[in-house]
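S.K.: this is a predicted model, with the sequence first.
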Amino acid sequence: MLFRSIMFTAPTLDYNLLAPILIVLGGALIGVLVEGFVPRAYRARVQFALALLTVAAALGWVISIRTMTSQIAAVDSVTIDGFGLFLQGTILALSFVALLFFAQNDHFAPQASALPGSEEESLAITSGVQMTEIYPLVLFAISGMLLFPVAKDLITLFVALEVLSIPLYIITGLARRRRLLSQEASLKYFLLGAYSSAFFVFGSAFLYGFSGSLSLAAIGQAAGLSGTNHILLYIGVIFLSVGLLFKVGAAPFHSWTPDVYQGAPTPVTGFMAACTK
């Protein structure tokens, strides 16, 4: 009888507002299928065209809903407003330009699993193998970037942060030349990125302890109440800021930037310097 009295309320999702994110995620998933089913000879052209069409379609959808007023798109986790749409459009426009440079496959290692200077790598170069997995990885990163500016709570913010970061850790180490430097940059970026994510999680925990909620609005309301102890709020904001300032590359959390930008393939450096920022 107890279980019968419990009613499940389906979450409210506005797919029209979520469409830009879903389009990019769908394109990334199709790109994964392309890797498995499309012959290698046609894979690079199919992946490149798919990535461009996906980003263009998402940008077109953002433009079509640009006049929408602030609305909740996914329960209380995602809110779409004019400023969020502006940031999404900017990210997509920059991503489209960045993808044009990804078409030059001579920037990327022919086979990521091959050891630098090994016979396997030489064989991959002479056989004309191209690294096409970069396109779905970039689309996954873009989907995280699109979710980040419209997130309404710290859990969604953290998920978006990790979705945009993890593909970048991988493609940073795929440079065709100076492979060891590229792999070193990727490892540094991953370790420091994981460290900053831990700061973000600790800060979220402190803010939850302060307000009893992970919602940005609820945290703001709790911070405005008089007579409350704000120690947990200050600690949480400091920890949260460390995690976010690392991603921006702001001083004094910018030590990773020179190594990663130098070691990453040139198109990836441009993509990170523009879209991630």
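M.R.: Arrived safely.
S.K.: pLDDT score for residue 126?
M.R.: pLDDT for residue 126: 67.
S.K.: ugh, wrong one, I meant residue 24
M.R.: pLDDT for residue 24: 96.
S.K.: any idea how far it is from residue 57?
M.R.: Distance of residue 24 to residue 57, given as CB to CB, to the nearest Å: 9 Å. Placement of C-beta: from N, CA and C, glycine included.
S.K.: and the two? Which one has more around it.
M.R.: residue 24 (30 against 17; other CB atoms under 10 Å).
S.K.: just checking, that one touches residue 59?
M.R.: No. Using CB atoms under 8 Å, residue 24 is not in contact with residue 59, being 9.9 Å away.
S.K.: what segments of the chain are helices?
M.R.: Listed in chain order, the helices of the chain (DSSP state H) span 2-5, 15-37, 40-64, 82-102, 119-126, 134-147, 154-172, 179-211, 216-223, 231-248, 256-263, 266-271.
S.K.: in JSON lines: those, plus distance to residue 72.
M.R.: Converted to JSON lines, the helices of the chain look like this (distance: least, CB to CB, whole Å):
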{"stretch": "helix 2-5", "distance to residue 72": "28"}
{"stretch": "helix 15-37", "distance to residue 72": "9"}
{"stretch": "helix 40-64", "distance to residue 72": "18"}
{"stretch": "helix 82-102", "distance to residue 72": "12"}
{"stretch": "helix 119-126", "distance to residue 72": "49"}
{"stretch": "helix 134-147", "distance to residue 72": "14"}
{"stretch": "helix 154-172", "distance to residue 72": "12"}
{"stretch": "helix 179-211", "distance to residue 72": "20"}
{"stretch": "helix 216-223", "distance to residue 72": "11"}
{"stretch": "helix 231-248", "distance to residue 72": "23"}
{"stretch": "helix 256-263", "distance to residue 72": "36"}
{"stretch": "helix 266-271", "distance to residue 72": "31"}
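S.K.: okay, now the unreliable bits of the stretch 151-277 of the chain?
M.R.: Along the stretch 151-277 of the chain, the parts satisfying pLDDT under 70 run over 226-227.
S.K.: same question for the stretch 1-150 of the chain.
M.R.: Within the stretch 1-150 of the chain, the set of residues satisfying pLDDT under 70 comprises 1-8, 110, 112-118, 120-122, 124-129.
S.K.: which one of the helices of the chain lies closest to residue 71?
M.R.: helix 15-37 (6.2 Å; CB to CB).
S.K.: from residue 36, how far off is residue 157?
M.R.: Distance from residue 157 to residue 36, by CB to CB: 32 Å.
S.K.: scratch that, residue 130 is what I was asking about
M.R.: On the measure of CB to CB, residue 130 and residue 36 end up 16 Å apart.
S.K.: out of those two, which sits in the busier spot?
M.R.: residue 130 (19 against 6).
S.K.: contacting residues around the more buried one?
M.R.: Residue 130 sits next to 43, 44, 105, 108, 110 when contact means CB atoms under 8 Å, 6 or more residues apart in numbering.
S.K.: TSV for these, including neighbour count and distance to residue 191?
M.R.: What follows is those, written out as TSV (neighbours: other CB atoms under 10 Å; distance: CB to CB, whole Å):
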residue	neighbour count	distance to residue 191
43	18	32
44	18	31
105	19	28
108	23	22
110	21	26
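S.K.: I'd like those as a markdown table, with distance to residue 223 appended.
M.R.: Output for the contacts of residue 130, formatted as a markdown table (distance: CB to CB, whole Å):
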| residue | distance to residue 223 |
| --- | --- |
| 43 | 51 |
| 44 | 51 |
| 105 | 50 |
| 108 | 46 |
| 110 | 53 |
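S.K.: tell me which of these is nearest to residue 185?
M.R.: Distances from residue 185 to those, taken by CB to CB, are shortest for residue 108, at 14.1 Å.
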